[in-house]
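[1] Here's my sequence, what's the structure:
(4 chains, ligands or ions: 2)
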Amino acid sequence: MNISEKQQELVEELELFQDWTERYEYVISLGKRLPAMDGDLQTADRLIRGCQSQVWLEADCLDGKMSYLADSDSVITKGMIALFVRVLNGETPEDVIQADMSFIDRTGLREHLAPTRANALTLMAAEMKKRATSALS
Amino acid sequence: MNISEKQQELVEELELFQDWTERYEYVISLGKRLPAMDGDLQTADRLIRGCQSQVWLEADCLDGKMSYLADSDSVITKGMIALFVRVLNGETPEDVIQADMSFIDRTGLREHLAPTRANALTLMAAEMKKRATSALS
Amino acid sequence: MSDLDPYALRPDFPILSREIHGKPLVYLDNAATSQKPFAVLNASRDYYESYNSNIHRGVHHLAQCATAGHEKARETIANHLNATRPEEVIFTSGTTDAINIVASSLGRSNRLKEGDEIIISGLEHHSNTVPWQMLCERLGITLRVIPVFDDGTLDLVTYDSMLSERTALVAVSHISNAFGTVNNVSHICSQAEKHGALSLIDGAQSIPHQKIDLKLIGCDFYVFSGHKVYAPTGIGVLFGRYDLLCELPPPRGGGEMIREVTFENTTYNDPPFKFEAGTPNIEGAIALAAALDYVNNLGIDRISAHEHRLIQKAAEIISALDGVTLYGPSDRAGALSFGFSGIHHYDLGTLLDQMGFALRTGHHCCQPLMARFGITGTLRASFAAYNTTEEVEQLGEALEKALRMLR
Amino acid sequence: MSDLDPYALRPDFPILSREIHGKPLVYLDNAATSQKPFAVLNASRDYYESYNSNIHRGVHHLAQCATAGHEKARETIANHLNATRPEEVIFTSGTTDAINIVASSLGRSNRLKEGDEIIISGLEHHSNTVPWQMLCERLGITLRVIPVFDDGTLDLVTYDSMLSERTALVAVSHISNAFGTVNNVSHICSQAEKHGALSLIDGAQSIPHQKIDLKLIGCDFYVFSGHKVYAPTGIGVLFGRYDLLCELPPPRGGGEMIREVTFENTTYNDPPFKFEAGTPNIEGAIALAAALDYVNNLGIDRISAHEHRLIQKAAEIISALDGVTLYGPSDRAGALSFGFSGIHHYDLGTLLDQMGFALRTGHHCCQPLMARFGITGTLRASFAAYNTTEEVEQLGEALEKALRMLR
Ligand SMILES: Cc1ncc(COP(=O)(O)O)c(C=O)c1O
Ligand SMILES: Cc1ncc(COP(=O)(O)O)c(C=O)c1O
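    Numbering: from 1, shown residues only, chains lettered A, B, ... in the order given. Ligands and ions are numbered 1, 2, ... in the order given. This is a model prediction of the structure:
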């Protein structure tokens, strides 16, 4: 599956949920399942400061494929990051840089997303692309 | 006539006017008739600063009777001062000090008097009494 | 004294019938800002529909009505606070503005000199912290901080020992917005006075919840925001002792605050005008007076008692939840702060929002206090006259549901 | 462009149907403050009835709506002014507040040093005079004043020669509130820039009467009050060039304006928040945006043209009266100032008030300008979109009657 196919899959998965409770429970479960980042890695240079929650992002490029590791002190934020990680992990830096990350708008999540969270996601996507750019140079 | 008789006379005079135009015209005419104070006398120590207009007050005590001289750059203010001068001139300092100067409330003027003017009148009355007190000591 | 019936007064607040995400709004963010009753909204509206005009110096009727309304509002507020005279009430745009006015005026006075000390407490809002930090930095003055005990109360024994002839000012909140701690301000002020120091009480959180008697508090300055006591945003009050106001230099220049201006030399007006440069928030002043009238009609003591019942009930329900920590002492007022181990307050707040609850999460503009307790923030429920026991019970249920989802 | 029909918009302003002393109100005191249309009153009301909440950092729905409304207002204002970005718009409580913020921030920056000069003009309002006097006194800086010609215009040749590398700032009004003089602000700003000086334009009287394009004016700061442009009291704007706002130190401390607070060290937020300490006037910002929307719906150019016709007509009628002096140049905007020999403006204003006319009398917070012309004050008629030619004619008749009474 390429990036946009993975995005479409996620959109369809999330559309299955009718009410906000289930949708949030799903995001929370994604957050819980995303492996915790090693405490040592939670350093200032890996920190993306959100409004109220903190996000740490670590990226690597192995054999020309991006590999992201992320964590957050907020499990809901972490769940949403998990969506991004799932979509971008294993893709080439070029594909990551060109990816349209607005698929979140097509999930049922948007309407329940506080602007502060939405903002954090935008920052997150930008940061993930930045890491892909660094991997190229 | 004593002070309160003079006040009563003024109240009755002013009550004759039915509309504000006539009442103001009367006050203005009083203002015009009150003799202008000598320019030399318009000094800072004789100045009572009103909100927008200026009032100069000079007082003397001759043979135990108060004699006031007053002027203003506003003819309406001067007309109102004229009412006070008429009431207090020729009275003993003791009578001036004890005079109830709220008779203005009983004239039809009050309702047409801006609070700033009313305030100026209150200041004026206080100042006239102060001069009477000085005359005693 | 009959109990306050919140159901009887809820219809006064149009916003309370709103729905959020399809659920009835449960507004428990009153420490951030209160909702407004019709009495206040109508006072604002009536001002603009009947007598709006710029005040002072105006010879025409509307200017006189607006001036009278504005000065009447000052009187209402002075009476509400038991100030000595209306001229002690200065209109500001809020608590923060009021504190900055004092800081700026003191900074220009000859009351402060290098080596002096300003004392604040570890409970303070950033608004009662940063202006003093900035002033201290500019003037080479030291900022000292009254320590906070683990129960969220102030260590007043240490405070007493911190005071000396170097102390120029003590600035402390009456009630902590973060933890609901009620400080012993009359002690704090009288001790300050003994050492010749000035005192400023940040009343942002006490004005809505308690009877304020400035004579009993004994402070030199008392500040609050209208928007936290049922009045609009953009209006606040700085009370200052009259002789101090006469002595202190004006912090800002402009219209109204002057007596006479020439390019060579300008003389200033008397208080309160000396401290009110420019066209004031006339509407806001009038609406604030209407808000205090509203409070007094309900009865501030009845409001206090009602809120006390709510907060006690909330503490009882929430303390029974798994993994909870409640912050602050048990006799808190206005606000209840809490957290759950392993759960981010932001996540809880997000889920509660989905259920129609408005609570504040985070550091509540008290980062040093959060650092003191080793936390990044709390969840805070804060109360007003219109909140009900039912809402508190619903909050308990909503928290249980949200915790189930997050665990 | 069709002519503005004031009769069509008068019903938007509830106060205009009022009677004063039994006569219909003729409101010609718009330079002091404007009246408010329903569109503005409803925006305020709607805010409190639907989405009032404290802004920023709030996780709940109302806080998000209020934040969005507040920031949307900032955008509307930035667009109206043709600013480069919304972050250049700082909310203040008014023009005076905005000027004091700039003065205070500059005073704490390293942009000013002893021996520097600040230039203002002889036309300035006390609000654009006193803050600079106070700053000059504190910092040992010299205040210089652009002279005013007999026709009430500025002597810009002298201005050009006053500029030097010592000039730190030029602060001039766009339109004089006392005389209606329209200053050549783009010349003033570009000359200042050539000498490396900052420029501040006091737009209190231009925002209601003219299209404002900050790119054309070329100033570093532009300030105005909401209440003079159909918005409520207690809200104003400081526009500042973004890079300057980044560079300058924050003038006041409190919530919102910080990034991180510890007792040892505090870091500040980015503009605009760095300059907005404390809870802002959220309602005011939203209502101000509604007022600018209202103005733009009418069309600012149509308003300008309409007001120009009124002021020309008024000048024509009044100049025909016996013993009159008209102040200011013939192409004035917004306000018409005049006086009659041997007659006190206060007396005229008083009699006009009895006839239902609201005009301002006195020094209009421009005492140095009055001194320059050897007068204690003037009578000032000032205009808004809702004034009519009929009102101007009635003013002429009322003046004749009042003059007859006084002479
Ligand atoms: C030219 C000018 N500058 C400044 C001001 C002061 O505005 P505000 O009183 O709203 O702060 C005014 C208002 O009278 C004005 O006309
Ligand atoms: C204790 C305390 N002080 C100061 C403030 C600041 O008030 P404002 O933002 O209205 O200026 C607040 C409001 O959050 C507060 O709770």
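[2] so what's residue C:121 closest to, chain neighbours aside?
    residue C:146 (4.1 Å; Cβ to Cβ, 6 or more residues apart in numbering or on different chains). (Each C-beta comes from the backbone N, C-alpha and C, glycine too.)
[3] My error: substitute residue A:99 in the last question.
    residue A:3 (4.8 Å).
[4] Check residue C:190 too.
    residue C:218 (5.6 Å).
[5] show me what contacts the one you found?
    The contact partners of residue C:218, by Cβ atoms under 8 Å, 6 or more residues apart in numbering or on different chains, come to C:186, C:189-190, C:193, C:199.
[6] how near is the residue in chain A positioned nearest to ligand 2 to residue D:228?
    Relative to ligand 2, the nearest point of chain A is residue A:52 (16.5 Å; Cβ to the nearest ligand atom). Taking Cβ to Cβ, to the nearest Å as the measure, residue A:52 falls 39 Å from residue D:228.
[7] more neighbours, those two?
    residue D:228 (30 against 26; other Cβ atoms under 10 Å in any protein chain shown).
[8] mind listing what that one touches?
    Going by Cβ under 8 Å, 6+ apart, the list of residues near residue D:228 reads D:30-31, D:33-34, D:204-205, D:207-208.
[9] Can you find the helix or strand in the chain with the smallest mean pLDDT?
    Went with chain A since none was named. Scoring the helices and strands of chain A by mean pLDDT, DSSP states H and E places strand A:47-49 at the bottom, with a mean of 77.
[10] Oops, wrong one, chain C.
    Ranking every helix and strand in chain C by mean pLDDT, DSSP H and E puts strand C:258-261 at the bottom, with a mean of 90.
[11] is that strand anywhere near chain D?
    Yes - among the residues of strand C:258-261, C:258, C:260-261 lie within reach of chain D under Cβ under 8 Å from any Cβ of the partner chain.
[12] So what are the sheet partners of that strand and their directions?
    Using DSSP bridges, strand C:258-261 pairs in its sheet with strand C:266-268 (antiparallel).
[13] Touching, residue C:370 and residue C:345? I think so.
    No - using Cβ atoms under 8 Å, residue C:370 makes no contact with residue C:345, being 10.6 Å away.
[14] which one of the two has more residues nearby?
    For residue C:370 versus residue C:345, the count of surrounding residues by other Cβ under 10 Å is larger for residue C:345: 27 against 20.
[15] Just the buried positions in the longest helix seen in chain A, please.
    In chain A, taking DSSP state H as the definition, the longest helix is helix A:115-136. By neighbour count on 16 or more other Cβ atoms under 10 Å in any protein chain shown, the buried set for helix A:115-136 is A:116-117, A:120-121, A:124-125, A:127-129, A:131-132, A:135.
[16] Stretch A:59-66 too?
    Under 16+ other Cβ under 10 Å, the buried positions of stretch A:59-66 are A:59, A:61, A:66.
[17] Give me the contacts around that stretch.
    Against stretch A:59-66 from outside (Cβ under 8 Å, 6+ apart): A:67-69, A:88-93, A:96, A:128, A:131-132, A:134-135.
[18] ok, so of those residues, who is nearest residue D:155?
    Of all those, the one with the least separation from residue D:155 (Cβ to Cβ) is residue A:134, at 59.6 Å.
[19] what's the closest non-adjacent residue to that closest one?
    Counting by Cβ to Cβ, 6+ apart, the residue nearest residue A:134 is residue A:59, at 7.9 Å.
[20] What strand or helix carries the one you found?
    Per DSSP states H and E: residue A:59 is located in strand A:54-62.
[21] ok, which stretches of the chain are helices?
    Answering for chain A, as no chain was given. Secondary structure of chain A, counting by DSSP H: helices at A:3-15, A:20-33, A:75-88, A:93-98, A:115-136.
[22] Not quite, go with chain C.
    C:6-9, C:38-46, C:61-81, C:95-108, C:130-139, C:156-162, C:185-194, C:214-217, C:242-247, C:282-298, C:300-319, C:345-354, C:367-372, C:389-406.
[23] wait, does stretch C:374-387 make contact with chain D?
    No - Stretch C:374-387 does not reach chain D (Cβ under 8 Å from any Cβ); its nearest approach is 9.5 Å.
[24] residue contacts, residue 84?
    All of this is about chain A. Contacts of residue A:84 (Cβ under 8 Å, 6+ apart): A:68, A:70, A:101, A:121, A:124-125, A:128.
[25] Chain C was what I was after
    With Cβ under 8 Å, 6+ apart, residue C:84 has these contacts: C:241-242.
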